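1. Fold the following, please.
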Amino acid sequence: MTNHSTPFRVGFDMDGVLLYNPARIIRPFMSTVKHFFLPKKQLHFYYPKTSIEKWLFKLAHKSSIYNAPGIEEIKTLVDQGKIEAYLITARYNFLGVSVGRWVKKNKLEKTFSGIFFNKYDEEPHLFKEKMIRKLQLDIYVEDNLDIVSHLKKTTQTDVLWIYNILDRSTPFPKKFPHLKNAIKYIVDIIK
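-> Next up, the predicted model:
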């Protein structure tokens, strides 16, 4: 953690954290199916290769349509100088333009000290680990439990998990049903 006299450096994932995606409810089912049919020891995420697969990925990401409650609170914390906010999304390069579009549409250019997407199409968990280390984040807010578990093992950052309603019984020390509750936790620790 940085010195308490400086703003806390807080990173936020996009889909499932800053944006609510109703389709994410199926993530626990997909994870179970993936684990059952494709048991692998190493964490691996699918990368779409064909133009049809990329089009389907773009369509799936368009289902992230609602801003999560809590974005105004992030703006306030930034304006008060209590946090430096960073947007770190593992959206692949072909989805990168949508990240900038969302930031501009919501007038968040001055809120985020940095906006990063996965422009070299790295494994999402490795990309996020690299960015967390590079930015020396104090806190990172993520919704994918596989990524949360990876970051908890590989970084010193305080990782907060925005869980899916179907995952509510999964144990994790710092889990929250939505962004607004995670922001309340952040406010409590920076007092």
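
2. just the helices in the chain please.
-> In chain order, the chain shows helices spanning 27-37, 51-61, 71-79, 96-105, 124-135, 145-154, 179-190, with DSSP state H as the criterion.

3. and L19, which of these is closest to it?
-> Of all the helices of the chain, the one in closest proximity to L19, counting by Cβ to Cβ, is helix 96-105 (7.4 Å). For every residue, glycine as well, the C-beta is placed using N, CA and C.

4. by contact count, what packs against the closest one?
-> Helix 96-105 is packed against strand 83-92, strand 112-118, with contacts defined by 3 or more Cβ pairs under 8 Å, 6 or more residues apart in numbering; DSSP states H and E.

5. As CSV, the ones you listed with distance to I147 would be great.
-> Listed next are the helices and strands packed on helix 96-105 as CSV, based on distance: least, Cβ to Cβ, whole Å:
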stretch, distance to I147
strand 83-92, 8
strand 112-118, 12
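
6. Below-threshold pLDDT in the protein: ranges please.
-> By pLDDT under 70, the weakly predicted segments of the chain are 1-4, 21-42, 54-55, 57-65.

7. try 80 this time
-> 1-5, 21-42, 44-65 (pLDDT under 80).

8. Quick check: phi and psi on P7?
-> Note on P7: its backbone torsions stand at phi -60, psi 140 [degrees, to the nearest 10].
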